[in-house]
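Engineer: Take a look and give me a structure for this.
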Amino acid sequence: MIKVFNRWSALALTAFGLPCLAAGALAQMPPRLQNAPPPQLQDTQGTATLYLSAVFSGETKPIGEGLVWRVYADAPDGEDFRMVIKSEDASPSVTLPKGDYRIHAAYGFASATRRVSLTRDIVERLTISAGGLRIRGAIGTNPIPPERMTFSVFVPVGNNDEGRLVVEKARSGSVVRLPEGTYHVVSSYGDSNALMRADLKVENGKLTDATLNHRAATVTLKLVRAAGGEAFAGTAFSVLTPGGDVIREEIGAFPSFVLAEGEYVVIARHEGQVYTREFTVESGQDRDIEVVAR
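Structural biologist: You can find the predicted model right below:
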C-alpha cells in the first residue's frame with residue numbers, strides 16, 4: 001500500500017485528535033510546503049451588483065447627464081440611513097453586500113427614491129418628472145452680459161407669486177434643473193432696481209429657454225464745478241425716487257450702476273455742502289449724470 005500525505009492530510013489528522021500522525025506527515029513534506037499559507041477562496045456569494053439608470057416621465061431613453069446617485073444602507077426605525085455609495089455617472093453599476101438599500105437619484109432640484117432588496121444582481125430604472133430652465137437677459141436687441149445678470153426662481157403659493165424660493169441668484173445662461181411645473185422668475189440686472197418678472201412653465205424632459213427684456217440703463221454720477229469739468233473725489237451720492245425712496249447710495253468720484261427706466265433725484269454731498277438734480281433714465285441709453293456744484 002502506498003501512503004500519500006500532504007499538509008492538508010496532516011491538518012485533518014490533527015483535527016481528529018491524531019497529532020502524532022499529523023506531525024509525522026508534516027515531517028515528510030518539503031520545508032517550502034510546510035510553511036505555505038492555505039489557499040484563499042474568494043467568497044462571491046455575499047455580494048450582488050446593482051445596475052442603475054433613470055428616465056424622464058413618459059420617456060424610454062435614459063437620462064445621459066446631470067444625475068447624482070446616492071445609495072443608503074437601510075436602517076431600523078428611528079436610525080439615520082448611512083450612505084454607502086455616491087456617483088455622478090449617468091448609469092452606474094455598484095457591487096454591494098446583499099441586503100436592503102434605498103436608492104436616491106437627484107436631477108438638480110428634482111429627485112426620485114426607491115427601496116430595493118439586493119439578493120442578486122438587479123437592474124433598477126427610476127422615473128423623474130423634471131426639465132431644465134435657462135434664463136438670459138437683453139436690453140432691446142442687445143444681450144446683457146451673463147456676469148451682470150442673475151435670476152431667482154420661486155414656486156407660487158396661493159396668491160403669492162413668490163411663495164417659496166427654490167433657486168437664488170443663478171447666473172444668467174446657466175441651466176437650472178427643476179421638477180415639472182410652473183415657476184415665477186425674477187431677473188436682476190445689476191444690483192439696484194432693474195428687475196423683470198415672468199411666469200414660466202418647466203415641462204418634463206425639455207429645456208425652457210427664455211430671454212427677459214429689461215428696461216434699464218447704466219448711469220455714472222459726477223459732482224463737477226462746471227459742466228464737463230473734473231469730478232470731485234469723495235462725494236457721497238444718494239439716488240431716490242420722486243417719492244423719496246432711496247434706491248442707491250455710493251461714495252466716490254464717479255460711481256456707476258444700473259437703474260430701471262424712470263424718474264430719479266440725485267443728492268450729492270461734498271465738504272459739508274449738498275447739491276441736487278433730477279434726471280431721467282431711458283432704457284438702453286447709458287449716460288453720465290453731472291451734478292453742478294453751485
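Engineer: All the strands of the stretch 51-200 of the chain, in order from the start?
Structural biologist: 67-73, 82-87, 93-97, 99-107, 110-118, 122-128, 130-139, 142-143, 149-157, 160-171, 175-179, 181-189, 194-202 (DSSP state E, counting those that start in this stretch).
Engineer: Specify the stretch among those strands that is closest to Glu250.
Structural biologist: strand 194-202 (15.7 Å; Cβ to Cβ). Backbone N, C-alpha and C define where each C-beta goes, glycine included.
Engineer: one step back: with distance to Thr60 and mean neighbour count as extra columns, can I get the strands of the stretch 51-200 of the chain in a markdown table?
Structural biologist: As requested, these are exported to a markdown table (distance: least, Cβ to Cβ, whole Å; neighbours: other Cβ atoms under 10 Å):
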| stretch | distance to Thr60 | mean neighbour count |
| --- | --- | --- |
| strand 67-73 | 16 | 19 |
| strand 82-87 | 22 | 13 |
| strand 93-97 | 20 | 14 |
| strand 99-107 | 16 | 19 |
| strand 110-118 | 16 | 15 |
| strand 122-128 | 9 | 16 |
| strand 130-139 | 16 | 22 |
| strand 142-143 | 37 | 12 |
| strand 149-157 | 29 | 20 |
| strand 160-171 | 28 | 14 |
| strand 175-179 | 20 | 19 |
| strand 181-189 | 23 | 20 |
| strand 194-202 | 21 | 17 |
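Engineer: Dump the ones you listed to CSV, plus distance to Arg277 and mean pLDDT.
Structural biologist: Formatted as CSV, those follow (distance: least, Cβ to Cβ, whole Å; pLDDT from 0 to 100):
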stretch, distance to Arg277, mean pLDDT
strand 67-73, 54, 96
strand 82-87, 58, 94
strand 93-97, 67, 96
strand 99-107, 52, 95
strand 110-118, 51, 95
strand 122-128, 56, 97
strand 130-139, 24, 97
strand 142-143, 27, 96
strand 149-157, 28, 95
strand 160-171, 32, 93
strand 175-179, 41, 96
strand 181-189, 24, 97
strand 194-202, 21, 97
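Engineer: With distance to Asn213 added, can I get the ones you listed in JSON lines?
Structural biologist: As requested, those are exported to JSON lines (distance: least, Cβ to Cβ, whole Å):
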{"stretch": "strand 67-73", "distance to Asn213": "34"}
{"stretch": "strand 82-87", "distance to Asn213": "41"}
{"stretch": "strand 93-97", "distance to Asn213": "47"}
{"stretch": "strand 99-107", "distance to Asn213": "30"}
{"stretch": "strand 110-118", "distance to Asn213": "29"}
{"stretch": "strand 122-128", "distance to Asn213": "32"}
{"stretch": "strand 130-139", "distance to Asn213": "5"}
{"stretch": "strand 142-143", "distance to Asn213": "10"}
{"stretch": "strand 149-157", "distance to Asn213": "12"}
{"stretch": "strand 160-171", "distance to Asn213": "18"}
{"stretch": "strand 175-179", "distance to Asn213": "20"}
{"stretch": "strand 181-189", "distance to Asn213": "10"}
{"stretch": "strand 194-202", "distance to Asn213": "7"}
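Engineer: In this structure Ala73 contacts Asp80, no?
Structural biologist: No - using Cβ atoms under 8 Å, Ala73 makes no contact with Asp80, being 10.3 Å away.
Engineer: okay, Gly158: pLDDT?
Structural biologist: We have a pLDDT of 87 for Gly158.
Engineer: how far away is it from Glu168?
Structural biologist: Counting by Cβ to Cβ, to the nearest Å, the gap from Gly158 to Glu168 is 21 Å.
Engineer: ditto for Pro92
Structural biologist: 30 Å.
Engineer: what separates stretch 127-141 from the chain centre, distance-wise?
Structural biologist: 15 Å (Cα atoms, centre = their mean, to the nearest Å).
Engineer: Just the CA coordinates for that stretch, please, in PDB.
Structural biologist: The C-alpha trace of stretch 127-141 is given here as PDB (Å, rounded to 0.1, in the frame of the first residue of the first chain):
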ATOM      1  CA  THR A 127     -38.500  57.800 -13.300                       C
ATOM      2  CA  ILE A 128     -38.000  61.500 -12.800                       C
ATOM      3  CA  SER A 129     -40.500  64.200 -13.800                       C
ATOM      4  CA  ALA A 130     -38.200  67.200 -14.500                       C
ATOM      5  CA  GLY A 131     -37.000  69.600 -17.000                       C
ATOM      6  CA  GLY A 132     -34.500  72.500 -17.400                       C
ATOM      7  CA  LEU A 133     -34.800  76.300 -17.200                       C
ATOM      8  CA  ARG A 134     -32.400  78.700 -18.700                       C
ATOM      9  CA  ILE A 135     -32.800  82.500 -18.500                       C
ATOM     10  CA  ARG A 136     -30.900  85.200 -20.400                       C
ATOM     11  CA  GLY A 137     -31.400  88.900 -20.500                       C
ATOM     12  CA  ALA A 138     -31.400  91.700 -23.100                       C
ATOM     13  CA  ILE A 139     -31.800  95.400 -23.400                       C
ATOM     14  CA  GLY A 140     -33.700  95.800 -26.700                       C
ATOM     15  CA  THR A 141     -31.700  93.700 -29.100                       C
END
